[in-house]
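> Fold the following and give me the result.
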Amino acid sequence: MLTDYERDEAAFAGFNPSRFTADWKTDWHNAILAARGTPSDNNTVNLGTDLTAQQERAMEAARQNYQHHIKPFIEDAFKKTQSGLMSAFGVNNYLSARSSVSRMMPFLDNLAARCAEYANELAAVGINPAKVALITTHLNDLQTHARSRNAFPGERSIATSKRNQNFEAMDAFAEQTARAGKHIFKPNHPRYNRYVIYGGSDSPSPRKTHTVAAGESILLFAKQLDEDSAFRFNNEGPETALVFVSNSPADHTPDNALHLLPEGKDVRALANELLLGAGTYGGLVVRNNGTSEVKLSIQLLKVVRDG
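Presented below is the predicted three-dimensional model:
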């Protein structure tokens with residue numbers, strides 16, 4: 001629509017010189033760039049998934065270090081001579097700590113303190129000081145990842161709010177331009193439809209793929225169409241498809257039927273542009289006059305009217 005506006009800029013400036021100044025298209029373009037650069041919710045969710053994976057990697061590193069490099073030496077140092085110290089090191093708590101970040105952190109904190117307290121005894125049985133130092137490293141890593149992971153729901157909410165703000169700012173330009181465009185150009189003017197917005201408060205139907213056999217016609221959206229209906233087409237080919245609005249797939253092809261070439265590109269059209277008879281919104285006829293079946297996706301949309 002911005003491209004159409006730039007073509008018709010003089011007409012808009014004449015209609016409302018206060019709104020459609022030289023800065024309008026620049027500000028609109030900047031709003032589009034801001035919206036385009038906003039991370040999608042899928043990207044944000046992927047970030048949350050990555051944070052969870054980082055946290056789990058930190059947990060696994062802590063588990064491996066404890067099981068293979070710390071616990072065996074605690075047992076060598078104290079299991080036969082001072083078995084009570086095993087509890088002081090938290091050995092009895094490990095099974096519950098290994099599956100819980102909130103329990104693993106105090107477990108590691110206590111483990112590091114006890115290893116420091118009994119450093120001489122552990123050194124006497126051959127513990128590796130570098131592996132002991134890793135306990136604190138793993139604790140710090142786990143705390144960092146846990147904080148990031150716990151903060152994520154709030155960050156996602158902020159990202160959602162920011163995304164909404166950016167898209168609302170962009171949409172405001174399109175809505176005001178469309179509103180003016182439909183006053184500048186009359187409904188029968190070819191430029192009028194350039195300023196029609198599709199979608200809106202009535203949720204559009206999902207896009208569905210339809211196959212039409214060679215020489216056949218089908219009727220879609222029977223009794224669902226009105227003057228606010230619109231369509232999004234994508235013809236995957238290999239034949240050209242003809243579409244128009246009528247009551248029966250047996251009706252003749254009108255002169256205003258839309259010829260959808262097998263280009264795999266989105267094409268939009270209003271139902272009132274494709275009417276066979278004035279005011280007759282029976283359904284959408286899709287016709288294949290070719291020699292091979294044609295496959296195309298079609299979505300029913302609604303036109304946003306000025307409030």
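> Any regions of the stretch 201-307 of the chain where pLDDT drops low?
201-205, 277-279, 303-307 (pLDDT under 70).
> hmm, 90 instead?
201-208, 223-232, 237, 247-248, 251, 254-258, 262-282, 300-307 (pLDDT under 90).
> shouldn't Pro229 be in contact with Ala271?
For the record, residue 229 is Ser, not Pro. Yes. Counting by Cβ atoms under 8 Å, Ala271 is a contact partner of Ser229 at 3.9 Å. Backbone N, C-alpha and C define where each C-beta goes, glycine included.
> between those two, what contacts are shared?
Tyr281 (Cβ atoms under 8 Å, 6 or more residues apart in numbering).
> Please list all residues in contact with Leu260.
Leu260 sits next to Phe233, Asn235, Thr240, Ala241, Leu242, Val243, Val267, Leu296 when contact means Cβ under 8 Å, 6+ apart.
> Just name the closest of those to His183, please.
Of all the contacts of Leu260, Val267 has the smallest distance to His183: 26.1 Å, by Cβ to Cβ.
> Wait, a strand at that closest one?
Yes. According to DSSP: H, G, I helix; E, B strand; the rest coil, Val267 belongs to a strand.
> and it, how far is that from Asp228?
Plainly put, Val267 is 19 Å away from Asp228 if you go by Cβ to Cβ, to the nearest Å.
> circling back: pick the one among the contacts of Leu260 closest to Asp23.
Using Cβ to Cβ, Val267 is the member of these that lies nearest Asp23, at 32.7 Å.
> burial of that closest one, as a residue count?
The number of residues packed near Val267 is 16, by other Cβ atoms under 10 Å.
> what ranges do the helices span in the stretch 1-150 of the chain?
Taking DSSP state H, counting those that start in this stretch as the test, the helices found in the stretch 1-150 of the chain are 2-7, 9-15, 22-36, 41-65, 71-78, 85-88, 94-97, 101-117, 119-124, 129-184.
> any idea which of those helices scores lowest on pLDDT?
Least confident of the helices of the stretch 1-150 of the chain, judged by mean pLDDT, is helix 41-65 with a mean of 76.
> Output stretch 72-83 as PDB, nothing but the C-alphas.
C-alpha atoms of stretch 72-83 as PDB (Å, rounded to 0.1, in the frame of the first residue of the first chain):
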ATOM      1  CA  PRO A  72      34.200 -41.600  44.800                       C
ATOM      2  CA  PHE A  73      36.800 -39.700  46.800                       C
ATOM      3  CA  ILE A  74      34.400 -38.700  49.500                       C
ATOM      4  CA  GLU A  75      33.600 -42.300  49.900                       C
ATOM      5  CA  ASP A  76      37.300 -43.300  49.900                       C
ATOM      6  CA  ALA A  77      38.000 -40.700  52.600                       C
ATOM      7  CA  PHE A  78      35.100 -41.100  55.000                       C
ATOM      8  CA  LYS A  79      32.800 -44.100  54.200                       C
ATOM      9  CA  LYS A  80      34.700 -46.600  56.400                       C
ATOM     10  CA  THR A  81      36.200 -44.300  59.000                       C
ATOM     11  CA  GLN A  82      33.700 -41.400  59.400                       C
ATOM     12  CA  SER A  83      30.500 -42.400  57.700                       C
END
